[in-house]
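Student: Sharing a model that was predicted from the sequence below.
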Amino acid sequence: MQELLLHCRPGFEGEAAAEMQELSAIKGFAGYAVTKEGSALVRFVCPGEGDAERLMHKLDFRQLIFVRQWALGNWLEVPVEDRIAPIITACSKGPIASCMWLETADTNDGKAMAALTKKLSKPLESALTKTRFVRPTKTEMPRLHLCFESGTRVFVGWSWAHNAAPWPMGIPRLKVPRDAPSRSTLKLEEAWHHFIPRDDWDARLAPGMTAVDLGAAPGGWTWQMVNRHMKVIAIDNGPMAQSLMDSGQVEHIQADGYLYKPNKTVHWMVCDIVDKPARSSSLLARWVGRGWCREAIVNFKLPMKRRYQEVIQCMEHVQDALDEAGIKATVSCKQLYSDREEVTCHVRILHAGSFKIQTLS
Ligand SMILES: C[S@@+](CC[C@H](N)C(=O)[O-])C[C@H]1O[C@@H](n2cnc3c(N)ncnc32)[C@H](O)[C@@H]1O
């Protein structure tokens, strides 16, 4: 019987389990989650034969908030003397894959296994290509995930590129740009990677677009938008990095982000103010409900318990404001790799083709 292996941020296993439990029930599947606090992995078991696979294909990975990556497969015990042979046997029972990803949990124990996975990488790859269980040229085929929980226990599973994260363990390899004023810059870059298909970047993150950055200082998020040649209004009482001000693309306004209203509609509103999620979602609801921006990215900080329920409430709040205004939009949330005790919410107004910059009264 196959099961789903879910990767999440360590400490958020309960949230990943809660959302899978709820979504599987909505889709009509019986299943239960097995969690271990701090393990960064969740097992989701569906006792019905073939149900785990059906559930995986019925769910939209992008809808999952706390799950970074997933795979469908089985656990395998492997002897230290020869780990490769049993893995190859297990692979013979699954689909042919286009690539192999060696994974661990995103924990200190997982990191301690880096030497082992490095050592196994080449021999595994060569055995899998020789047996043709991995055929690197056929990119439309599933990806093979080999997730080592320990030196003797490995999950052998598969994911499908159109319905999973594009990176092993759901962790993107992004580097802080040398001239960005803060590490937070990666949060916005990762959000764009997650929420905007690469083919849409030129149209949706286009030079000359206008953006408002609420809680902008010192300017990590503003840097990303300036880097794409947008014009940014940065709202913060704190100082912005001089290099950004020198770009000529940034107007810095020392004001309260909650009270600020743009003179004209803008393409983007982004907000990284540290506050209660109810306040951040109200701010987002106001901006999108009143049509002040076409797309928005706002962080919801989550220091409380019942974090999954809190995020759902925030999303409902935003959706209600959109419904009330008769605005069609997508509302989604993700706990990105760069997100700590927080999730990133993205809203995109859908009748964007007709979007024009308008003066607001
Ligand atoms: C986490 S930092 C933002 C970091 C920024 N995104 C970056 O990449 O450099 C939060 C910022 O929000 C600002 N802030 C807090 N409350 C605010 C408010 N009511 N209005 C505007 N800015 C606020 C703080 O001054 C602080 O600079």
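Tutor: Good, I have the coordinates. Predicted model, so just to flag it, every value in this text is computed and none were measured.
Student: What average pLDDT does the helix or strand where V154 lies get?
Tutor: Per DSSP states H and E: V154 is located in strand 153-159. Across strand 153-159, pLDDT averages out at 98.
Student: Can you list the buried residues in it?
Tutor: Under the neighbour-count criterion of 16 or more other CB atoms under 10 Å, strand 153-159 has V154, F155, V156, G157, W158, S159 buried. C-beta: built from backbone N, CA, C; applies to glycine.
Student: List the neighbours of that strand that are in contact with it.
Tutor: 2, 5, 69-78, 83, 87, 90-91, 94-95, 97, 142-149 (CB atoms under 8 Å, 6 or more residues apart in numbering).
Student: Make a ChimeraX selection of the buried ones in those.
Tutor: Burial among the contacts of strand 153-159 is assessed by 16+ other CB under 10 Å; the matching ChimeraX selection reads:
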select :2,5,69,70,71,72,73,74,76,78,83,87,90,91,94,97,142,143,144,145,146,147,148,149
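Student: near the ligand, from the contacts of strand 153-159?
Tutor: For the ligand, no contacts are drawn from the contacts of strand 153-159 by CB under 6 Å from any ligand atom.
Student: out of the contacts of strand 153-159, which are inside strands?
Tutor: 5, 69-77, 143-149 (DSSP state E).
Student: if we can go back for a sec, between the buried residues of strand 153-159, which sits nearest the ligand?
Tutor: Checking those against the ligand by CB to the nearest ligand atom gives S159 as the nearest, at 31.2 Å.
Student: give me the beta-bridge partners of the closest one?
Tutor: Note on S159: beta-bridge partners by DSSP bridges are R143.
Student: Grab the nearest non-local neighbour of the residue of the stretch 51-200 of the chain found nearest the ligand.
Tutor: Across the stretch 51-200 of the chain, the shortest distance to the ligand (CB to the nearest ligand atom) belongs to S184, at 3.2 Å. Nearest residue to S184, sequence neighbours excluded (CB to CB, 6 or more residues apart in numbering): G220, at 3.9 Å.
Student: Checking the residue of the chain positioned farthest from its centre next. Helix, strand or coil?
Tutor: In terms of distance from the mean C-alpha position of the chain, E81 ranks first, at 37.5 Å (CA atoms, centre = their mean). Following DSSP: H, G, I helix; E, B strand; the rest coil, E81 is assigned to coil.
Student: How confident was the prediction at it?
Tutor: pLDDT at E81 comes out at 96.
Student: distance of it from T152?
Tutor: Distance, E81 to T152, by CB to CB, to the nearest Å: 11 Å.
Student: E22 too?
Tutor: With the distance defined as CB to CB, E22 ends up 34 Å from T152.
Student: again with A33
Tutor: Going from A33 to T152 by CB to CB gives 24 Å.
Student: Those two - which one has more neighbours?
Tutor: Higher neighbour count among A33 and T152: A33, with 19 against 12, using other CB atoms under 10 Å.
Student: Report the contact partners of the residue nearest to the more buried one when sequence neighbours are not counted.
Tutor: Nearest in space to A33, with sequence neighbours left out and distances taken as CB to CB, 6+ apart, is A17 at 3.5 Å. By CB under 8 Å, 6+ apart, A17 lies in contact with A33, T35, V42, F44.
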